[in-house]
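In: Below are the sequence and a predicted model for it; my questions follow.
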Amino acid sequence: MDPQPYSENAVAYGDGDPALCVADRPLPPPLGLSIARLTGAADAAQPERGGPPGPLTGPATLLAQVDYGAAHCRPVSDPRRLGVGLTPLAPPLRELWHSPPPVVTGWAQGIGFAQGPEVLFAHLLLDDSGDADLAQLTLTAYTRLLAFTLARGFPHPLRMWNFLSRIHARDGGLERYQAFCVGRERAFALTGLAPARFPAATAVGTDAPGLLVYLLAGRAPGVAVENPRQVSAYRYPPRYGPRPPSFARALRPPWPNSSPFFISGTASVVGHRSLHPGALGPQLHETLANLDALLAAAAAARPAFLKVFLRDPRHLAQTRAGLRDWAGPGTPVLYLQAEVCRAELQIEIEGVCGPAPEASE
């Protein structure tokens with residue numbers, strides 16, 4: 001059942017709180033991310049029963065809390081909280097996105113949202129059971145979300161996450177991921193979103209039913225960054241489906257310092273071809289080479305947070321060992337079991353980072 005509709009009597013957090021409105025405090029960035037290590041698996045598996053979000057430093061207010069567990073979960077009591085149906089393969093981490101106050105929350109026709117001064121967080125879950133046409137379902141989800149963000153004054157999607165059930169099954173003669181790409185491309189075309197304004201994105205498969213889409217949208221557009229080792233996804237040839245994937249390899253936000261810098265889901269693809277089919281070790285090496293090329297193209301520092309999607313949980317130890325030196329010992333890494341978009345790919349990695357440090361003379 002859809003959550004209750006949004007009304008203008010939505011909850012506002014941080015508005016007028018003297019602890020958050022002290023004039024001599026430095027202004028926080030428009031969007032920040034902190035990572036909490038959970039003490040018990042129950043918090044991740046049942047996010048609606050988890051404890052309150054951890055404390056945030058500085059004059060910031062919670063915009064979104066994202067947990068991972070066995071099923072998708074969107075608690076009616078607080079639309080800032082979202083549970084994604086992917087199983088953590090290591091001690092779970094909680095994502096806490098925060099914004100300057102005030103943050104206003106509510107529901108609108110099944111869309112949960114939290115709105116800060118510069119960033120809007122929104123999510124939608126649609127039933128994909130029965131004879132649902134995934135291309136049409138994706139078109140519906142995207143047009144509803146994009147119309148909503150436009151109406152709220154945030155017309156520019158910056159980062160989108162997509163979770164599909166049965167991602168490699170057939171749907172109307174297409175693999176379901178291909179059908180998803182058809183619906184997404186149609187939605188962007190209908191709303192006038194050109195490739196230069198495509199968001200950074202991730203799309204992976206999950207055992208949880210439904211099509212779950214959530215996003216961060218801004219009042220101003222970001223700047224897309226493409227990978228010199230890869231063909232832009234929206235220029236893939238027809239061999240990968242009737243419509244290509246519609247996303248940017250990375251995106252630099254429109255704010256001072258361009259932080260946080262969003263890295264899309266990245267895999268062992270060079271040009272447009274998958275390399276090392278089925279082989280985890282070489283795929284991890286190729287994926288890290290792609291990430292290095294992308295960071296160099298963006299003049300960005302190493303990620304401050306990584307999310308790793310593994311097809312086979314038996315590859316966890318090998319992946320952790322291979323990633324440790326590249327990421328650095330202090331970088332939080334969230335490992336999740338997921339179906340990567342191409343059946344031959346074993347791993348996909350996304351990240352969040354800030355700008356590279358200024359060089360000193």
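Out: Right, received. Where do you want to start? Owing to the predicted nature of the structure, the values given are computational and were not obtained by experimental measurement. Numbering: from 1, shown residues only.

In: just for the stretch 151-300 of the chain, where's the confidence low?
Out: Low-confidence segments of the stretch 151-300 of the chain (pLDDT under 70): 258.

In: Please report phi then psi for L190.
Out: phi -70, psi -30 (degrees, to the nearest 10).

In: Just to check, it is in contact with T143?
Out: Yes. Using C-beta atoms under 8 Å, L190 is in contact with T143, at 6.4 Å. For glycine as for every other residue, the C-beta is placed from the backbone atoms N, C-alpha and C.

In: Between the two, tell me which one has more neighbours.
Out: T143 (16 against 13; other C-beta atoms under 10 Å).

In: Which strand or helix spans that one?
Out: Using DSSP states H and E, T143 sits in helix 134-151.

In: So which elements touch that helix?
Out: When contacts are defined as 3 or more C-beta pairs under 8 Å, 6 or more residues apart in numbering; DSSP states H and E, helix 134-151 packs onto strand 111-115, strand 119-126, strand 156-165, helix 176-190, strand 211-218.

In: could I get the ones you listed as CSV with distance to L275?
Out: Below are the helices and strands packed on helix 134-151 laid out as CSV (distance: least, C-beta to C-beta, whole Å):
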stretch, distance to L275
strand 111-115, 39
strand 119-126, 34
strand 156-165, 24
helix 176-190, 19
strand 211-218, 29
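
In: so which of those comes closest to F309?
Out: Minimum separation from F309 across those (C-beta to C-beta) falls at strand 156-165, 10.5 Å.

In: Which residue would you name as the spatial centre of the protein?
Out: W161 (3.7 Å; C-alpha atoms, centre = their mean).

In: contacting residues for that one?
Out: 84, 201-203, 213-215 (C-beta atoms under 8 Å, 6 or more residues apart in numbering).

In: ok, now L193?
Out: 146, 157.

In: what's the helix or strand for it?
Out: Following DSSP H and E, there is no helix or strand that holds L193.

In: what separates it from T149, distance-wise?
Out: Going from L193 to T149 by C-beta to C-beta, to the nearest Å gives 11 Å.

In: before we move on, what about A141?
Out: Remark: distance between A141 and T149 (C-beta to C-beta) = 13 Å.

In: about what we covered before: so which of the helices and strands packed on helix 134-151 is nearest L93?
Out: L93 lies closest to strand 156-165 among these, at 15.2 Å (C-beta to C-beta).

In: Residues in a beta bridge with the nearest residue to P88 once chain neighbours are set aside, which ones?
Out: In space, and not counting its chain neighbours, P88 is closest to Y68: 5.3 Å by C-beta to C-beta, 6 or more residues apart in numbering. Y68 forms beta bridges with V84, as assigned by DSSP bridges.

In: wait, doesn't Y68 sit right on Y335?
Out: No. Using C-beta under 8 Å, Y68 makes no contact with Y335, being 9.9 Å away.

In: would you list every one of the helices in the stretch 1-150 of the chain?
Out: Along the stretch 1-150 of the chain, the stretches classed as helices by DSSP state H, counting those that start in this stretch are 41-45, 134-151.
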